[in-house]
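Engineer: I need the structure of the sequence given here:
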Amino acid sequence: MKRVSTIKITITALCAVINIVGAYIALTLRLPIYLDSIGTILSSALFGPALGGLTACISGIFSGVTSDVYSLYFIPAGMITGLISGFLFRTSWFRKWKLPLAVLFLTVPGTIVSSCITAFVFAGVTSSGSSALVQILHQIGFSMVVSAFIVQILMDYLDRLITVVIVSSLLSRLDGWLKTGMNGRKSNGAL
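Structural biologist: Model prediction:
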């Protein structure tokens, strides 16, 4: 069994806190985007899919218990985001002209799961600022799942695009020795 280093545990916890703070800001300001996956995608980019999924799970549980009970139900969607982003960051998909398509690949699976949760568990009404749009589309004649998917694919795509740009810019600024230390290789630095 591969040993998880202290730095990985610490940064994974920090990434979970980033998710919680982002989600709280979005919830408080009633933003149509969620800001709850910055830490998940950062953790996935640094440590791979498994720790990215774990970060989403930890932050979803903590947010659900402390500030937004709806977060508990959407843990599977966050874990999917963590897993897929971990695989995509290991490739060259998040670079240059491939970025919009990669964000779409990242967004669609989690959106399918979250729109089904929104429709079947909550009848389209959650703590998100986009719930009103779901209800409007449903009143126009779309099914609840389709209404939730249409609204969430737009909001999720924008949210993931912003998140990937933030994470990519953070990663480009990390020192080489820090990246080396986090990946479990020997380093001459403090880590």
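
Engineer: buried set for stretch 140-158?
Structural biologist: 142, 144-145, 147-157 (16 or more other Cβ atoms under 10 Å). C-betas here are computed from N, CA, C, even on glycine.

Engineer: neighbouring contacts of that stretch?
Structural biologist: 32-34, 103-104, 107-108, 110-112, 114-116, 118-120, 123-124, 128, 130, 133-135, 137-138 (Cβ atoms under 8 Å, 6 or more residues apart in numbering).

Engineer: Relative to the whole chain's centre, how far out is that stretch?
Structural biologist: 18 Å (Cα atoms, centre = their mean, to the nearest Å).

Engineer: Would you mind checking the average pLDDT for that stretch?
Structural biologist: Summarised as a single mean, pLDDT over stretch 140-158 is 94.

Engineer: In PDB, could you pull the C-alpha coordinates for that stretch?
Structural biologist: What follows is stretch 140-158, C-alpha atoms only, in PDB (Å, rounded to 0.1, in the frame of the first residue of the first chain):
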ATOM      1  CA  ILE A 140     -42.800  26.300 -19.700                       C
ATOM      2  CA  GLY A 141     -43.200  22.500 -20.300                       C
ATOM      3  CA  PHE A 142     -39.800  20.800 -19.900                       C
ATOM      4  CA  SER A 143     -39.500  17.800 -17.600                       C
ATOM      5  CA  MET A 144     -37.900  18.500 -14.200                       C
ATOM      6  CA  VAL A 145     -34.800  16.500 -15.100                       C
ATOM      7  CA  VAL A 146     -34.400  18.400 -18.400                       C
ATOM      8  CA  SER A 147     -35.000  21.700 -16.700                       C
ATOM      9  CA  ALA A 148     -32.400  21.000 -14.100                       C
ATOM     10  CA  PHE A 149     -29.900  19.800 -16.700                       C
ATOM     11  CA  ILE A 150     -30.300  22.800 -18.900                       C
ATOM     12  CA  VAL A 151     -29.800  25.300 -16.100                       C
ATOM     13  CA  GLN A 152     -27.100  23.300 -14.400                       C
ATOM     14  CA  ILE A 153     -25.000  22.600 -17.500                       C
ATOM     15  CA  LEU A 154     -24.800  26.300 -18.200                       C
ATOM     16  CA  MET A 155     -24.000  27.200 -14.500                       C
ATOM     17  CA  ASP A 156     -21.700  24.200 -14.000                       C
ATOM     18  CA  TYR A 157     -19.700  24.900 -17.200                       C
ATOM     19  CA  LEU A 158     -19.200  28.500 -16.200                       C
END
